[in-house]
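Participant: below is the structure, and that's it, no one-letter string:
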DNA sequence: CTGCCGGATGGTATCGATAACAATTGACGG
DNA sequence: CCGTCAATTGTTATCGATACCATCCGGCAG
């Protein structure tokens, strides 16, 4: 930077001001500086800038996996918003493990992000401590924890499945099963299953039929395996809710393979409104939470919180409840009950 | 850090050494320091460390989109390897645009990454200059450019499609079409199409039938729309190669919807070996380049290059050609030609 | 004509860690 | 009992930019 300053005949301080558009620099000076920058091929060093200004321009985002389009959509939404303020997203993946999450949080904090967005509301005690003491805004997403660390932009996973199940019941389905991963790791999946159990009871359905397959993340393949076990175990089941659209898709494809008509023999619903669900044949009934938009909202809240933090007045914890929508499609389009008269989307 | 040093009764330098396991610190001293760190809840500041050591521990990775599992798999592979050396990946997305790429590169360089991995071998002139002058290892992936900037870990997109087309021909297909996005943006898609054209000519097929739909990225939906246009335009076509598995999937689902049997009425192949292709009904013939492994190899090369760079002896440009595999599945399983006798996987 | 004011620019200290080198310590052989 | 060496720890300068305050300048009111 000193080189640039010399060449432009100004001080380093003025170069710094010119480069970030802040402060006041006379147009001719500005031009001379930019020209010098150009000629020397100089590139600003933000690490150094971060050190002195204490503003790293980073926001950390932790997600279970990049390979799940729900989460990568959320990241995209966050990035979109943060880009407008020249903030950069530092992505970390936790592999659906709380221990990994703790480790990743620790690594991330060494980079001094100005805020951190995590997926889910369940964390190891140490992770909670780390986040709480970091002195930066924290946003938990994709969940609605009872005792948030700081801000929340999420929804109740249980509630989404309760609504979905109610909708299926309204359509006339009575024997409704649930396909999920084995417990312990994927807390959001666990919550959805809890919602299923609760709804089965509340709605007075006959009994709950749950098939657990594999360790999270539950894949397309798991869905296929699970639906076979389901039909063998409880042939009378009329519909099944899968913990995610991917498993629902796998289940449907396996049904095709075996000649089980969907939805006639078995109706299938998922969660997450993945792109594949909209265009699958048959299209898949699902719950949409607007992953991308969820990300945007989290991003906006984060910007606000960071601004507040810079001003010295931390933002009081916010709690944004993202609405979800049950999207009924062809995979649950058989009306088994006379009360069902709606047109299916 | 000074606080920690005081509490542990040592100098800051010793704390620094203790925290990074480098140098030599007596076990009791080490313990005292770690205890002090614990008690004070101190977290190392790597930005500051980066400034003085000139090692940021960052590697930038630029991909067109997070939403494409090929690319997110590659990132995952890269991360896996870099994690072992405590290097962090800074992801940037370019939205399939070279202009965006140029802008992202510029932003990234301000963070002083120790290496940068980009997708594709086509860049704006300025982007090339920036990368070339950055003084760090550069790896181009997912392509095999004639004039690489530095290292390459990739393959020829054209060659993959040539092989795929040859395989379809061997299976007896003669009238083979291609579905792609509109040109100009997705250079890899463009290369694949070029491979198609070349193969059609080389193999003496009747003529090339190309349907172009939408701006990249080509989605599932585009595939569905394109296949309809294809069948309307050239009813005699027997097989179609889609620029990616997603569009192939969309095409197949649309065929189901319209009662066009796959592969009997129309065989469909894709590119990329997405998870969806393996479990789709019918399973989709595709070309696999092992995205995750490609990432791992790029990661390993990057580590080597960074080590070499730190030693002061830049690594001579390497050129890793990643082998691809045509995976034949049910979506092209009709044998139209007596010569075809192989078992389909 | 004088003095004040605000916009533009420069000088200096500093952010938090680490590199490089200096100093200290203890062990061991002669 | 002393000198030497290696292991351990401390001291100082520095990385590159920016915050903060000082300075300079021209314009304008009185």
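Facilitator: Arrived safely, thanks for sending. Here the structure is a predicted model, which is why all the values come from computation and not from measurement.
Participant: quick one: the strands in chain A?
Facilitator: Applying DSSP state E to chain A gives strands spanning A:58-63, A:88-93, A:116-119, A:138-141, A:151-154, A:176-180, A:209-212, A:239-242, A:267-269, A:286-288, A:319-321, A:325-327.
Participant: is the fourth one anywhere near chain B?
Facilitator: Right, strand A:138-141. No - applying CB under 8 Å from any CB of the partner chain, one finds strand A:138-141 separated from chain B by no less than 14.6 Å. The C-beta positions use only the backbone N, C-alpha and C, and glycine is treated the same way.
Participant: what is that strand packed up against?
Facilitator: Judged by 3 or more CB pairs under 8 Å, 6 or more residues apart in numbering or on different chains; DSSP states H and E, the packing partners of strand A:138-141 are strand A:116-119, strand A:151-154, helix A:291-311.
Participant: sketch out the low-pLDDT regions of chain A for me.
Facilitator: Filtered on pLDDT under 70, chain A yields the residue ranges A:22-23, A:335-345.
Participant: give me the residue at the spatial middle of it.
Facilitator: The centroid of chain A falls nearest to residue A:71 when counting by CA atoms, centre = their mean (3.9 Å).
Participant: does that one touch residue A:62 like I think?
Facilitator: No - counting by CB atoms under 8 Å, residue A:71 does not reach residue A:62; the two are 9.7 Å apart.
Participant: the residue nearest to the centre of chain A - nearest residue in space that isn't next to it in sequence?
Facilitator: Spatial nearest neighbour of residue A:71, excluding adjacent residues (CB to CB, 6 or more residues apart in numbering or on different chains): residue A:63 at 4.1 Å.
Participant: give me the number of residues near the one you found?
Facilitator: When neighbours are counted by other CB atoms under 10 Å in any protein chain shown, residue A:63 registers 25.
Participant: now distance to DNA strand D too, for the strands of chain A, in a markdown table please.
Facilitator: Below are these laid out as a markdown table (distance: least, CB to the nearest atom of the strand, whole Å):
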| stretch | distance to DNA strand D |
| --- | --- |
| strand A:58-63 | 15 |
| strand A:88-93 | 14 |
| strand A:116-119 | 22 |
| strand A:138-141 | 24 |
| strand A:151-154 | 26 |
| strand A:176-180 | 50 |
| strand A:209-212 | 52 |
| strand A:239-242 | 50 |
| strand A:267-269 | 52 |
| strand A:286-288 | 42 |
| strand A:319-321 | 30 |
| strand A:325-327 | 44 |
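Participant: just put these in CSV and tack on distance to residue A:305.
Facilitator: Converted to CSV, the strands of chain A look like this (distance: least, CB to CB, whole Å):
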stretch, distance to residue A:305
strand A:58-63, 10
strand A:88-93, 15
strand A:116-119, 10
strand A:138-141, 8
strand A:151-154, 7
strand A:176-180, 34
strand A:209-212, 38
strand A:239-242, 35
strand A:267-269, 36
strand A:286-288, 26
strand A:319-321, 12
strand A:325-327, 27
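Participant: which one of the ones you listed lies closest to residue B:138?
Facilitator: Nearest to residue B:138, of all these, is strand A:88-93, at 19.8 Å by CB to CB.
Participant: what lines up beside that closest one in the sheet?
Facilitator: The strands beside strand A:88-93 in its sheet (DSSP bridges) come out as strand A:58-63 (parallel).
Participant: what sits in contact with each of residue A:71 and residue A:62?
Facilitator: residue A:119 (CB atoms under 8 Å, 6 or more residues apart in numbering or on different chains).
Participant: contact partners for the residue nearest to residue A:71?
Facilitator: A:71-72, A:74-75, A:91-94, A:119.
Participant: just grab the bridge partners of it for me.
Facilitator: Counting by DSSP bridges, the residues bridging with residue A:63 are residue A:93.
Participant: show me what contacts the residue nearest to the centre of chain A?
Facilitator: A:63-65, A:119, A:291.
Participant: of the residues you listed, select the buried ones using a ChimeraX command.
Facilitator: Filtering the contacts of residue A:71 down to the buried ones (16 or more other CB atoms under 10 Å in any protein chain shown) takes a single ChimeraX command:
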select /A:63,64,65,119,291
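Participant: closest one of the contacts of residue A:71 to residue A:318?
Facilitator: residue A:119 (17.4 Å).
Participant: pretty sure the closest one sits against residue A:152.
Facilitator: No - with contact defined as CB under 8 Å, residue A:119 and residue A:152 do not form a contacting pair (11.8 Å).
Participant: specify the residue ranges that define each domain of chain A.
Facilitator: What automatic domain parsing lists as the domains of chain A is A:2-44, A:54-155+A:291-314, A:157-288+A:327-332.
Participant: can you tell me which residue of the stretch 151-300 of chain A sits closest to DNA strand D?
Facilitator: Relative to DNA strand D, the nearest point of the stretch 151-300 of chain A is residue A:299 (22.8 Å; CB to the nearest atom of the strand).
Participant: name the residues contacting each of residue A:119 and residue A:152.
Facilitator: The contact sets of residue A:119 and residue A:152 overlap at A:140-141, A:143 (CB under 8 Å, 6+ apart).
Participant: for residue A:109, the count of nearby residues, please.
Facilitator: 21.
Participant: for it, which non-adjacent residue is closest in space?
Facilitator: residue B:43 is the one closest to residue A:109 (CB to CB, 6+ apart), at 4.9 Å.
Participant: against residue A:236, how distant is that neighbour?
Facilitator: Per CB to CB, to the nearest Å, residue B:43 is found 56 Å from residue A:236.
Participant: which non-adjacent residue is nearest the residue of the stretch 151-300 of chain A closest to DNA strand D?
Facilitator: Nearest to residue A:299 is residue A:81, by CB to CB, 6+ apart, at 3.0 Å.
Participant: so how far is residue A:111 from the residue nearest to residue A:109?
Facilitator: Here residue B:43 is placed at a distance of 10 Å from residue A:111 (CB to CB).
Participant: more neighbours, these two?
Facilitator: residue A:111 (22 against 17).
Participant: please report phi then psi for that one.
Facilitator: Torsion angles at residue A:111 (phi, psi; degrees, to the nearest 10) stand at phi -90, psi 0.
Participant: how close does it get to DNA strand D?
Facilitator: Separation of residue A:111 from DNA strand D (CB to the nearest atom of the strand, to the nearest Å) stands at 16 Å.
Participant: surely that residue and residue A:60 touch.
Facilitator: Yes - with contact defined as CB under 8 Å, residue A:111 counts as touching residue A:60 (7.3 Å).
Participant: overlap in contacts of these two?
Facilitator: Common neighbours of residue A:111 and residue A:60 (criterion: CB under 8 Å, 6+ apart): residue A:90.
Participant: in stretch A:154-170, which residues are buried?
Facilitator: Quick answer for stretch A:154-170 (16+ other CB under 10 Å): A:154-165, A:167-169.
Participant: and of these, the nearest to residue A:331?
Facilitator: Nearest to residue A:331 among the buried residues of stretch A:154-170, with distances taken as CB to CB, is residue A:168, at 10.7 Å.
Participant: surely the closest one is in contact with residue A:269?
Facilitator: Yes - because the distance of 6.6 Å satisfies CB under 8 Å, residue A:168 is recorded as touching residue A:269.
Participant: ends of stretch A:64-74, how far apart?
Facilitator: Its first and final residues considered, stretch A:64-74 spans 12 Å by CA to CA, to the nearest Å.
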